[in-house]
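Student: I would like the atomic coordinates for the input below:
(one chain, ligands or ions: 1)
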Amino acid sequence: MKLYDCKTAPSARRVRIFLAEKGLAPPRIEVNLRGGEQLEPAFRAINPYCTVPVLELDDGTRLCSTAAIWRYLEATYPEPALMGRSAREQARIADLQWHIEHEGFTAVAECFRNAVPGMKDRALTGPLAYAQIPALAERGRRRAVAFLAALESMAVAAGPYLCGAHFSVADIDALVVIDFASRLHLELPAEAAATRRWYAEVSARPSVSA
Ligand SMILES: N[C@@H](CCC(=O)N[C@@H](CS)C(=O)NCC(=O)O)C(=O)O
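Tutor: The predicted model follows:
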C-alpha cells in the first residue's frame with residue numbers, strides 16, 4: 001500500500017500517527033496542497049474529492065477518508081487496537097470522536113479556512129471554489145475556544161487516556177485538533193490542568209512526530 005500525504009495537513013497527520021502506532025510505514029507520496037496539486041487532473045484521477053489522506057491498497061483500491069483508512073487498517077492490523085477492545089469501548093470511542101470531530105475539528109477548520117489569506121476561495125475542500133466568509137471565521141474561532149475548554153471534562157473523566165486505559169483514535173483526534181488550533185494562536189485554557197497533563201503525555205509518544 002502507499003499513502004498520499006501532506007506534511008502540513010491535519011487529517012493526513014491523523015493517519016500517519018495511526019500507522020506509526022501500528023508499526024507500519026508505507027511509502028508516502030507528498031501532495032503539494034499549498035501549490036494546488038490536489039486540484040490538478042492527475043490527482044483528481046486518484047481522489048475526485050481532491051483531499052488527502054488517500055491510502056492506496058495493493059489491489060489498487062483507494063480509501064479517501066481518514067475514517068475509512070482507520071477502519072481498514074484496524075481490521076487488517078488489529079494490534080495494538082486503536083479503536084476499542086470491546087463493543088463498549090468501541091462505542092465510547094466513536095462517541096468521543098463524534099464530539100471531537102464535529103465540535104473541535106470542524107470548528108478549527110471553519111475558522112482557519114475562512115480566515116487565512118492562503119485559503120482564499122478554498123473555504124471548503126473539494127473541486128469547487130467557495131469564497132471565505134469572515135463571519136464564519138469568527139464563529140469557528142468561538143466554537144474552537146469553547147471546544148478547547150470543554151476538553152477538560154473529557155480529560156478529567158479519563159485516565160490516563162481519553163477513553164480510559166488505552167491510547168485510541170480519540171486521543172489522536174483531540175491531539176491533532178489542539179495542534180491545529182495552535183496555528184490560529186488558540187491554546188488550551190491555563191486552568192485546564194487535566195487536559196494539559198493528558199496532552200503532555202500523548203505528545204511525548206514517538207508516533208506523534210510521524
Ligand atoms: N474527509 C476527509 C477530509 C480530509 C481533508 O479535509 N483533508 C484536507 C487536509 S487536512 C485537504 O486535503 N485539503 C485540500 C484543500 O484544502 O484543498 C478525511 O477525513 O480524511
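
Student: measure the residue nearest to residue 196 when sequence neighbours are not counted to residue 144 for me?
Tutor: Here the nearest residue to residue 196 in space, its sequence neighbours aside, is residue 188; by C-beta to C-beta, 6 or more residues apart in numbering that works out to 5.9 Å. Yep, even glycine has a C-beta here, placed from its N, CA and C like the rest. Separation of residue 188 from residue 144 (C-beta to C-beta, to the nearest Å): 11 Å.

Student: hang on, the earlier thing: burial count for the residue nearest to residue 196?
Tutor: Using other C-beta atoms under 10 Å, residue 188 is surrounded by 19 other residues.

Student: Check residue 182 too.
Tutor: 13.

Student: do the same with residue 55
Tutor: 24.

Student: per-residue confidence at the residue nearest to residue 196?
Tutor: Looking at residue 188, its pLDDT is 97.

Student: again with residue 158
Tutor: 68.

Student: ditto for residue 52
Tutor: 98.

Student: can you tell me how far it sits from residue 161?
Tutor: To residue 161, residue 52 is 27 Å away according to C-beta to C-beta.

Student: which residues are contacting stretch 31-43?
Tutor: The contact list for stretch 31-43 (C-beta atoms under 8 Å, 6 or more residues apart in numbering) reads 4, 5, 6, 8, 9, 47, 50, 51, 52, 118, 127.

Student: Next: stretch 81-101.
Tutor: 18, 21-22, 70-71, 74, 154, 162-164, 166-170, 172-174, 177.

Student: out of the residues you listed, which are inside helices?
Tutor: Judged by DSSP state H, the subset of the contacts of stretch 81-101 located in helices is 18, 21, 70, 71, 74, 154, 169, 170, 172, 173, 174, 177.

Student: domains of the protein?
Tutor: As given by automatic domain parsing, the domain ranges for the chain are 2-76, 87-209.

Student: Of all those, which one is nearest the ligand?
Tutor: Nearest to the ligand, of all those, is domain 2-76, at 3.3 Å by C-beta to the nearest ligand atom.

Student: Now find how far off-centre that closest one is within its chain.
Tutor: For domain 2-76, the distance from its own C-alpha centre to the chain's C-alpha centre is 12 Å (C-alpha atoms, centre = their mean, to the nearest Å).

Student: hmm, that domain touching the ligand?
Tutor: Yes - on the criterion C-beta under 6 Å from any ligand atom, domain 2-76 is in touch with the ligand at 9, 10, 11, 33, 38, 50, 51, 52, 53, 65, 66.

Student: For this structure, which segments count as strands?
Tutor: Under the criterion DSSP state E, strands of the chain are mapped to 2-5, 28-30, 54-56, 62-63.

Student: any chance of these in JSON lines, with distance to residue 148 too?
Tutor: Output for the strands of the chain, formatted as JSON lines (distance: least, C-beta to C-beta, whole Å):
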{"stretch": "strand 2-5", "distance to residue 148": "27"}
{"stretch": "strand 28-30", "distance to residue 148": "30"}
{"stretch": "strand 54-56", "distance to residue 148": "29"}
{"stretch": "strand 62-63", "distance to residue 148": "30"}
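
Student: any idea which of those strands is most buried?
Tutor: Neighbour counts (mean count of other C-beta atoms under 10 Å) averaged over each of the strands of the chain peak at strand 54-56, with a mean of 22.
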